[in-house]
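1. Provide a 3D model corresponding to the input given below.
(4 chains, ligands or ions: 2)
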Number of protein chains: 2
Amino acid sequence: MKVFKIPEATVMRLSVYSRYLYQLGREGVETVSSGDIAKGVGVSSAQVRKDLAYFGEFGTRGVGYKVEELYNHIIKILGLDQQWNVMIVGAGKLGSALALYQGFAERGFNITTVLDVDENIIGTKLGNIEVEPLEVLETRVKERNITIGVVAVPASAAQDVTDQLIKAGVKAILNFSPRVLKVPREVVLRNVDLSVNLEVLSFNLVFNS
Amino acid sequence: MKVFKIPEATVMRLSVYSRYLYQLGREGVETVSSGDIAKGVGVSSAQVRKDLAYFGEFGTRGVGYKVEELYNHIIKILGLDQQWNVMIVGAGKLGSALALYQGFAERGFNITTVLDVDENIIGTKLGNIEVEPLEVLETRVKERNITIGVVAVPASAAQDVTDQLIKAGVKAILNFSPRVLKVPREVVLRNVDLSVNLEVLSFNLVFNS
DNA sequence: AGCATTTTGTGAAAAAAATATCTATTATTT
DNA sequence: AAATAATAGATATTTTTTTCACAAAATGCT
Ligand SMILES: NC(=O)c1ccc[n+]([C@@H]2O[C@H](COP(=O)([O-])OP(=O)(O)OC[C@H]3O[C@@H](n4cnc5c(N)ncnc54)[C@H](O)[C@@H]3O)[C@@H](O)[C@H]2O)c1
Ligand SMILES: NC(=O)c1ccc[n+]([C@@H]2O[C@H](COP(=O)([O-])OP(=O)(O)OC[C@H]3O[C@@H](n4cnc5c(N)ncnc54)[C@H](O)[C@@H]3O)[C@@H](O)[C@H]2O)c1
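-> Ligands and ions are numbered 1, 2, ... in the order given. Got it, this is the predicted structure:
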């Protein structure tokens, strides 16, 4: 029921702010100004205040923000005050790295299931998750209440896997394959295209010289 | 000496267009309109034309673009008509996945060197690259003419590794650690923050419901 | 050859985002 | 208690990016 539209850049920055606040919290800092945050994460102080202003008033004029309080607010805004069950499809190099990464659990993302089609991979363990065959996709999504699907299969299989995830009831998809995916409007899609990132670097190297 | 500023979003889209054109080329398609490209990658046709207009006139009115020709132009724009030597620092889960990924070489990114500090990892092979100790960083950057450094170490080591890369002469850095890095203005930096991506999903799941 | 059709390239308009400025509120100092 | 300083929140301005819309080519059809 979105009324205001929040810039995606704002959401991404909030995520970064929250991690900086977490760090400050652990260092024992109790209050922080928009300028401090700005300095810490490399944006302007006006930007920090603007980003927060979309969601309410969290600070005290003349004083700043309470680190812990602001942190909790942002965590809530980002939906990280709850657990999200995640399925990774494709237990290759990248899928395995993601499955083994502890950082996601710390932020409330529970990687409950990893699937593959390769007989040699199915049955192996990634940490304490056993890789299961693609056939159980729908069953697992339903019984484990999985809302987020991660696509880490070759480009040729990406759309097919995506369709299966959506049919099974997944609400959001993080796509690592270099393929433009078609999803219904109500499904949230994000693409992480690692090649594009390298190519932006090479462009800048050529262009700025 | 940059005269016009090109939106970063434009550069990212060009990368996506180029891959779509590559695909079309392999399917034997010879000409394509801005509308076709738009449909294929999910943007507007005006956007496609505007993006290209920053760099010249590549099409024929009433006809469209020659697939191969436009592809070559974009490859040139992105600096992919040359080889880039890349060093990955951190041969953990993510660094290994990146080192073993064939897709980068296909786009002109030559991963020549992978470094780590862990005695158990140094000396092991990733494909045909042997993981070497961090100590050789400067030597390798120089002798192998490395211009791009990939930071795939824990956040606590990220700034230190970055400083070493820059001191050794690397011109661009792709950072996978969840840490805001400080780099001199002339060094190109891009952050790939995988947690942020998941958090944008959870935000949208909460916000749009 | 003339006319209809397609589709680029582009200037103008609109929308979105970032930045700067101003105002109000709190805390601190004198 | 008044003056001063700090800083959030609101508003205004500027900049950037996207979208729109149309004239200018190129093609093909009659
Ligand atoms: N590894 C990287 O660093 C990297 C970088 C950029 C992009 N990518 C992209 O990420 C994706 C995965 O890359 P990777 O390097 O892990 O590849 P990979 O080949 O190591 O792993 C892919 C895995 O997917 C499995 N698979 C294939 N079809 C499947 C299906 N229909 N259902 C379930 N599993 C299936 C394969 O068995 C394999 O284990 C690819 O699309 C790749 O282009 C990877
Ligand atoms: N694996 C993922 O899916 C994932 C997801 C999001 C972010 N990240 C980030 O990417 C980075 C790497 O993640 P990972 O999962 O590969 O971690 P990892 O622990 O598997 O690997 C890190 C590697 O870096 C090495 N290292 C440590 N200090 C070093 C130094 N100073 N110089 C060279 N090497 C050093 C370690 O020996 C280790 O091999 C981390 O910053 C992590 O937060 C990873």
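2. please make it C-alpha for all contacts and neighbour counts, starting now.
-> Noted.
3. looking at this, residue A:87 is in a helix?
-> No: if the criterion is DSSP: H, G, I helix; E, B strand; the rest coil, then residue A:87 is strand and not within a helix.
4. who are the contact partners of residue A:52?
-> Each residue near residue A:52 by Cα atoms under 8 Å, 6 or more residues apart in numbering or on different chains is listed here: residue A:58.
5. residue A:82 contacts residue A:108, correct?
-> Yes: using Cα atoms under 8 Å, residue A:82 is in contact with residue A:108, at 6.4 Å.
6. higher neighbour count, the two?
-> residue A:108 (17 against 13; other Cα atoms under 10 Å in any protein chain shown).
7. what mean pLDDT does the longest helix along chain A have?
-> Ranked by number of residues, the top helix in chain A under DSSP state H is helix A:8-26. Mean pLDDT, helix A:8-26: 96.
8. same deal with stretch A:176-189?
-> Regarding stretch A:176-189, the rounded mean pLDDT is 94.
9. right, is that stretch up against ligand 2?
-> No: using Cα under 6 Å from any ligand atom, stretch A:176-189 stays clear of ligand 2, with a minimum separation of 11.5 Å.
10. same check, this time on stretch A:85-100
-> Yes: interface with ligand 2: stretch A:85-100 contributes A:97, A:98 (Cα under 6 Å from any ligand atom).
11. mind listing the helices for chain A?
-> Applying DSSP H to chain A gives helices spanning A:8-26, A:34-41, A:45-53, A:67-77, A:93-100, A:103-106, A:137-143, A:155-168, A:194-207.
12. with distance to DNA strand D added, can I get those helices in JSON lines?
-> JSON lines is the format used below for those (distance: least, Cα to the nearest atom of the strand, whole Å):
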{"stretch": "helix A:8-26", "distance to DNA strand D": "11"}
{"stretch": "helix A:34-41", "distance to DNA strand D": "4"}
{"stretch": "helix A:45-53", "distance to DNA strand D": "5"}
{"stretch": "helix A:67-77", "distance to DNA strand D": "10"}
{"stretch": "helix A:93-100", "distance to DNA strand D": "28"}
{"stretch": "helix A:103-106", "distance to DNA strand D": "27"}
{"stretch": "helix A:137-143", "distance to DNA strand D": "33"}
{"stretch": "helix A:155-168", "distance to DNA strand D": "24"}
{"stretch": "helix A:194-207", "distance to DNA strand D": "13"}
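13. contact partners for the residue in chain A positioned nearest to ligand 2?
-> Nearest residue of chain A to ligand 2, counting by Cα to the nearest ligand atom: residue A:98, 3.5 Å away. Applying Cα under 8 Å, 6+ apart, we find residue A:98 in contact with residue B:94.
14. also residue A:48?
-> A:34, A:37, A:38.
15. with adjacent residues omitted, what lies nearest to residue A:147?
-> Counting by Cα to Cα, 6 or more residues apart in numbering or on different chains, residue A:147 lies nearest to residue A:170, which is 4.6 Å off, once chain neighbours are set aside.
16. and the pLDDT at that neighbour?
-> For residue A:170, the model assigns a pLDDT of 98.
17. about what we covered before: now check the longest helix of chain A, is it near chain B?
-> Yes: using Cα under 8 Å from any Cα of the partner chain, helix A:8-26 comes into contact with chain B via A:8, A:11, A:12, A:15, A:16.
18. out of all of them, which strand in chain A is the longest?
-> As assigned by DSSP state E, the longest strand anywhere in chain A is strand A:109-116.
19. could you report the neighbour count for residue A:162?
-> When neighbours are counted by other Cα under 10 Å, residue A:162 registers 22.
20. please apply the same query to the one 10 residues further on.
-> The burial metric for residue A:172, expressed as a neighbour count using other Cα under 10 Å, is 25.
21. domains of chain A?
-> Chain A breaks down into these domains under automatic domain parsing: A:3-77, A:84-196.
22. want to throw those domains into CSV with distance to DNA strand C?
-> Formatted as CSV, the domains of chain A follow (distance: least, Cα to the nearest atom of the strand, whole Å):
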stretch, distance to DNA strand C
domain A:3-77, 4
domain A:84-196, 15
